[in-house]
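Asker: The sequence and its predicted three-dimensional model are supplied below.
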Amino acid sequence: MAELDLLAETAGAEIVAQVIQRRAAPDPAYYTGPGKARELADMVLQLKITLIIYMDELSPSQVRYLEQLTEAKIVDRTALILDIFARRARSREGKLQVELAQLQYLLPRLMGLGKQMSRLGGGIGTRGPGETKLEADRRVIRRRITVLEQEIKDLQCHRAIYRQRRRRNRMPVAGLVGYTNAGKSKLINALTGSDLYTEDKLFATLDPSTRRGTLPGGKFVLYTDTVGFIKYLPKTLETAFKATLEEIATADLLLHVVDLNHPDYENQISVVRSHLARITADYFTRELLIFNKIDLFEENIDYSRLQRQYPGSCFVSARTHQGLEDLRQMIAGMLEWSYHQIKIYLPYTESALFGQLKQFGQIISLEYLESCMAIETRVEPALADKLYIYAAPPGAADHNTI
């Protein structure tokens, strides 16, 4: 309920009351029991309430019956989150993805929306790229969904090209993931000296951004900011933001940022990990847990307990830059773990490949032979694939031939 309050405030609502009811199952007509629904109607009159937000997703008929009874606008949690995403979308990609999510949410609700169908604009639950489609029929909306899905598919292709280009340039990617408002954007700013937009509100970041940072030893890494997760993230958003979430699946490293100042941070860690497991099955092999905002109550942190509970985690403050050097060292170390150590016999004619090896790998030993260079090196997997054909000394195949 506290999180629902924050979502409502982020959308611009003023909270005046909360109502909780224990029931074995939701009422098919009013979700709450009929008696509780009438109490809500009385509260609307007494407190001059114009909007009621429900924690769970409502059916179209429940929305219609509740609006008729209370004469207030009814919004469920999914519609509220979609509204916030609509306000936060800035890029063309973000707007396309939000509109697709809105239309996918709206399509099964066209029947029975009643007077809400003729009410365009006007606040929470109706604003955003998809709001002008509320008067359209199912056929028009399905056609628009098809167009949006194709455009987002094109965006996926563009993102795939960018990822291939990064791999050709041997630039490792660290994707920042975490619960919404954990401080991911501020941490990227601290690591790279950039000025990504930050705000102490839920879903302040919606459009993914990438910035380049430097690691110990002078090597570069790309930090990619991603949309924050939340408990019960609407399925329509997960589907619509597939192109963006693929950045998480293909990142070399996942920096899982945790707001240590949040009273329920342990549950937030579990929520984020459950989302990551659906996106990429091997997330745990690339995850670095980062506890952020340690400056807010540093003397009360039980570091030893947290290290036992979450081995290999890191403690930082994006605001004061505490622990950033330790974090950079850990990032560099985790990226090094994925490197392959091999010995190759590289012909002198492969000067371009030798240049890549010097720029993107680590030469452990180098010996100049008559027809080639004997090199022991540590390189990333993509470059190692090119070098394995030189793993045998020249003439080795001839000696083994019978």
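Answerer: Received the coordinates, thanks. No experiment lies behind these values; they were computed from the predicted model shown. Numbers count the residues shown, from 1 in each chain.

Asker: Please spell out which residues along the helix or strand containing Leu69 are buried.
Answerer: In this assignment (DSSP states H and E), Leu69 forms part of helix 60-70. Residues of helix 60-70 classed as buried by neighbour count (16 or more other CB atoms under 10 Å): Pro60, Ser61, Gln62, Val63, Arg64, Tyr65, Leu66, Glu67, Leu69, Thr70. C-beta: built from backbone N, CA, C; applies to glycine.

Asker: Number of residues surrounding the residue nearest to Tyr54 when sequence neighbours are not counted?
Answerer: Of all residues not flanking Tyr54 in the chain, Asp76 sits nearest, at 4.7 Å (CB to CB, 6 or more residues apart in numbering). Neighbour count of Asp76, defined by other CB atoms under 10 Å: 22.

Asker: you'd agree Asp76 is up against Leu58?
Answerer: Yes. Shown here, Asp76 and Leu58 form a contact pair, counting by CB atoms under 8 Å, at 4.5 Å.

Asker: circling back to that earlier point, using CSV, write out the CA atom coordinates for the helix holding Leu69.
Answerer: Output in CSV follows, covering the C-alpha atoms of helix 60-70 (Å, rounded to 0.1, in the frame of the first residue of the first chain):
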residue,chain,number,x,y,z
PRO,A,60,-14.2,-3.8,-17.3
SER,A,61,-17.5,-4.7,-15.7
GLN,A,62,-16.0,-4.0,-12.2
VAL,A,63,-14.8,-0.6,-13.4
ARG,A,64,-18.3,0.2,-14.8
TYR,A,65,-20.2,-0.9,-11.7
LEU,A,66,-17.9,1.0,-9.3
GLU,A,67,-18.0,4.2,-11.4
GLN,A,68,-21.8,4.0,-11.5
LEU,A,69,-22.0,3.5,-7.7
THR,A,70,-19.3,6.0,-6.5
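
Asker: Show me what the helix or strand immediately after it in the chain is packed up against.
Answerer: The element immediately downstream of helix 60-70 (helix or strand, assigned by DSSP H and E) is strand 73-76. With contacts defined as 3 or more CB pairs under 8 Å, 6 or more residues apart in numbering; DSSP states H and E, strand 73-76 has these neighbours: strand 51-54, helix 60-70.

Asker: let's go with 10 Å and repeat that
Answerer: Identification of packing neighbours for strand 73-76 by 3 or more CB pairs under 10 Å, 6 or more residues apart in numbering; DSSP states H and E yields strand 51-54, helix 60-70, helix 77-88.

Asker: could I get the first one in CSV with only the CA atoms?
Answerer: Which is strand 51-54. Extracted C-alpha coordinates of strand 51-54, given in CSV (Å, rounded to 0.1, in the frame of the first residue of the first chain):
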residue,chain,number,x,y,z
LEU,A,51,-10.3,9.3,-8.2
ILE,A,52,-10.1,5.8,-6.6
ILE,A,53,-7.1,3.6,-7.3
TYR,A,54,-7.3,-0.2,-6.8
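
Asker: I'd like the helices and strands packed on strand 73-76 as TSV, with distance to Tyr179 and mean pLDDT appended.
Answerer: Formatted as TSV, the helices and strands packed on strand 73-76 follow (distance: least, CB to CB, whole Å; pLDDT from 0 to 100):
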stretch	distance to Tyr179	mean pLDDT
strand 51-54	20	94
helix 60-70	29	90
helix 77-88	14	86
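
Asker: burial count for Pro172?
Answerer: For Pro172, using other CB under 10 Å, the count is 21.

Asker: Which residue is the nearest non-sequential neighbour of it?
Answerer: Using CB to CB, 6+ apart and skipping residues adjacent in sequence, the residue nearest Pro172 is Asp252, 4.5 Å away.

Asker: re the thing from before, other residues contacting the helix holding Leu69?
Answerer: 26-32, 34, 37-38, 40-45, 49, 52, 54, 56, 58-59, 72-76, 79, 106, 108-116 (CB atoms under 10 Å, 6 or more residues apart in numbering).

Asker: do the same with stretch 360-380
Answerer: 167, 169-172, 217, 219, 252, 335-336, 338-350, 354, 356-358, 382-387, 390, 393-395.

Asker: biggest helix in the protein, by residue count?
Answerer: The residue-count maximum for a helix in the chain (DSSP state H) belongs to helix 138-168.

Asker: I'd like to know the average pLDDT value across it.
Answerer: Averaged over helix 138-168, pLDDT sits at 80.

Asker: Past that helix, which element shows up next along the chain?
Answerer: Where DSSP H and E defines the elements, the next helix or strand beyond helix 138-168 is strand 173-178.

Asker: Quick one: mean pLDDT over that next one.
Answerer: The model assigns strand 173-178 a mean pLDDT of 91.

Asker: And the very next helix or strand once past it, what does it pack against?
Answerer: Where DSSP H and E defines the elements, the next helix or strand beyond strand 173-178 is helix 184-192. Judged by 3+ CB pairs under 10 Å, 6+ apart, helix 184-192 is in contact with strand 173-178, strand 209-214, strand 220-225, strand 253-259, strand 287-292, helix 324-337.

Asker: How is the protein divided into domains?
Answerer: Listed domain ranges for the chain are 1-167, 170-336, 339-400 (source: automatic domain parsing).

Asker: re the thing from before, shared neighbours of Asp76 and Leu58, anything?
Answerer: Between them, Asp76 and Leu58 share these contacting residues under CB under 10 Å, 6+ apart: Tyr31.

Asker: okay, the domains of the chain, which one's buried deepest?
Answerer: The highest mean neighbour count among those, using mean count of other CB atoms under 10 Å, belongs to domain 170-336: a mean of 18.

Asker: contacting residues around His275?
Answerer: Counted by CB under 10 Å, 6+ apart, His275 has contacts Val177, Tyr179, Phe229, Ile230, Lys231, Leu233, Glu238, Leu245, Ile248, Tyr283.

Asker: Fine, thanks again, bye for now.
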